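K.L.:
Take this sequence and fold it.
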Amino acid sequence: MGHDHGHDHTHGANKKTLMISFIIITGYMLVEAIGGFITNSLALLSDAGHMLSDSISLGIALLAFTLGARVANHSKTYGYKRFEILAAVLNGITLILIALYIFYEAIERFQNPPEVASTGMLIIAAFGLLVNIIVAWIMLRGGDVEENLNMRGAYLHVMSDMLGSIGAVIAALLIMFFDLGWADPLASVIVAALVLRSGYYVTKSGLHVLMEGTPQNVDLNDVIQTIQNKKEIHSVHDLHVWSITSGLNALSCHAVVDKQMSVAESERLLHQIEHDLEHKNIHHMTIQIETTSHQHDNTILCNAKANSSGHHHH
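P.N.:
Numbering: from 1, shown residues only. Okay, the predicted model is just below:
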């Protein structure tokens, strides 16, 4: 199918983009961490901490793309595509922990601001900003930051990283010209707030997928209408829509038709529905057709209790 080909193509582009970004970010994160220790700047260290979470997230994202591309087997019928989502959740939790640690450190520094080597801090932070701008540009140009949760997570990291570097640059200038020692912990608190926010959102959307929640880019009522609008279809029930991984949504349902259909007729009907649902962001569907005589409880979203106690025939 054409769609799968498109999926593979963006997959390859995403992987290459991540690889380049990973190498640049990891290299610079080391420079910033060492610089933070030498200049005694918490803003630089927190930015390095943020970059560390960036490089971890990019590394996990890379690993997820590699594992996710593995073929499905008997024990993993969907392949390893979910790994990407697990990676996103892990990454989100790491970010939240890093943010809390920076807050804790900053409180101590507000009470007694230490001496900071502001010139060194300024040079390193300015370089960091440049690195982030380059990486963000590479990602926007080469990757799919709209649809792919993994790429989006990595891109959001880099964007908030960029704000962190701007904070460190401003803090260094304030220390140099106005001798404001508290500018350093203040910049680190701002970075921590950004880290916390992106951590929260990445974790939340990852957990939504793991909980088999309805994908954000699918309008459930619209999907139900699309199926029910077919004149042959009497009703729809046992409908489930979920995400296997970013950009791969699945649907399963039972469709009740008025009369016994021939194989050719039902295949034609299924083909029409599949074609219509592809435009509604559903990429993989399983639809069971049954006649009114073989009908279950007539609710669209059949409750689990009814399902587990066997099907109710009328």
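K.L.:
only C-alpha atoms for contact and neighbour calcs from this point on.
P.N.:
OK.
K.L.:
So, low pLDDT: which residues of this structure?
P.N.:
1-10, 149-150, 294-314 (pLDDT under 70).
K.L.:
mind redoing it with 50?
P.N.:
Low-confidence segments of the chain, defined by pLDDT under 50: 1-6, 303-314.
K.L.:
for it, what's the longest helix?
P.N.:
For the chain, the longest helix by residue count, based on DSSP state H, is helix 2-39.
K.L.:
on contacts alone, who are the packing partners of it?
P.N.:
helix 42-68, helix 118-142 (3 or more Cα pairs under 8 Å, 6 or more residues apart in numbering; DSSP states H and E).
K.L.:
quick one: the helix or strand following the shortest one to helix 2-39, angle?
P.N.:
What it means is helix 118-142. As assigned by DSSP states H and E, the chain's next helix or strand after helix 118-142 is helix 149-178. If you take axes from the mean of the first three to the mean of the last three Cα atoms, to 10 degrees, helix 149-178 sits at 30 degrees to helix 2-39.
K.L.:
Going by neighbour count, which residues of helix 149-178 are buried?
P.N.:
Neighbour-count burial for helix 149-178, with 16 or more other Cα atoms under 10 Å as criterion, is recorded at 149-176.
K.L.:
which strands and helices sit next to it?
P.N.:
helix 42-68, helix 83-111, helix 118-142, helix 183-210.
K.L.:
Can you get me the centre-to-centre distance for the last one and its chain?
P.N.:
Okay, so that is helix 183-210. Its chain's C-alpha centre lies 14 Å from the corresponding centre of helix 183-210 when counted by Cα atoms, centre = their mean, to the nearest Å.
K.L.:
any idea which helix or strand comes after it?
P.N.:
Following helix 183-210 in sequence, per DSSP H and E, is helix 220-228.
K.L.:
can I have that next one written out in PDB, keeping just the CAs?
P.N.:
Presented in PDB, the C-alpha positions along helix 220-228 are these (Å, rounded to 0.1, in the frame of the first residue of the first chain):
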ATOM      1  CA  LEU A 220     -14.300   9.300  16.900                       C
ATOM      2  CA  ASN A 221     -17.800  10.600  16.000                       C
ATOM      3  CA  ASP A 222     -16.600  11.400  12.500                       C
ATOM      4  CA  VAL A 223     -15.200   7.800  12.200                       C
ATOM      5  CA  ILE A 224     -18.500   6.300  13.400                       C
ATOM      6  CA  GLN A 225     -20.500   8.600  11.000                       C
ATOM      7  CA  THR A 226     -18.200   7.500   8.100                       C
ATOM      8  CA  ILE A 227     -19.000   3.900   8.700                       C
ATOM      9  CA  GLN A 228     -22.700   4.300   9.400                       C
END
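K.L.:
quick one: contacts of that helix?
P.N.:
The contact list for helix 220-228 (Cα atoms under 8 Å, 6 or more residues apart in numbering) reads Thr214, Ile233, His234, Ser235, Val236, Val241, Ile273, Asp276, Leu277, Lys280.
K.L.:
gap between that helix and the chain center?
P.N.:
Distance, centroid of helix 220-228 to centroid of chain: 26 Å (Cα atoms, centre = their mean).
K.L.:
ok, now stretch 167-174?
P.N.:
31 Å.
K.L.:
Just the C-alphas of that stretch, formatted as CSV.
P.N.:
What follows is stretch 167-174, C-alpha atoms only, in CSV (Å, rounded to 0.1, in the frame of the first residue of the first chain):
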residue,chain,number,x,y,z
GLY,A,167,18.7,32.2,29.8
ALA,A,168,22.3,31.3,30.5
VAL,A,169,23.5,34.0,28.1
ILE,A,170,21.3,36.7,29.8
ALA,A,171,22.4,35.5,33.2
ALA,A,172,26.1,35.7,32.3
LEU,A,173,25.6,39.3,31.0
LEU,A,174,23.8,40.3,34.2
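K.L.:
List the buried residues in stretch 58-70.
P.N.:
For stretch 58-70, a neighbour-count test (16+ other Cα under 10 Å) marks Leu58, Gly59, Ile60, Ala61, Leu62, Leu63, Ala64, Phe65, Thr66, Leu67, Gly68 as buried.
K.L.:
a markdown table please, covering these and showing distance to Glu115.
P.N.:
A markdown table is the format used below for the buried residues of stretch 58-70 (distance: Cα to Cα, whole Å):
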| residue | distance to Glu115 |
| --- | --- |
| Leu58 | 34 |
| Gly59 | 35 |
| Ile60 | 36 |
| Ala61 | 38 |
| Leu62 | 39 |
| Leu63 | 41 |
| Ala64 | 42 |
| Phe65 | 44 |
| Thr66 | 45 |
| Leu67 | 46 |
| Gly68 | 48 |
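K.L.:
Can you tell me which of the residues you listed is closest to Ala125?
P.N.:
Leu58 (20.9 Å; Cα to Cα).
K.L.:
looking at it, the closest one is touching Ala154, isn't it?
P.N.:
Yes. If you go by Cα atoms under 8 Å, Leu58 and Ala154 touch, sitting 6.0 Å apart.
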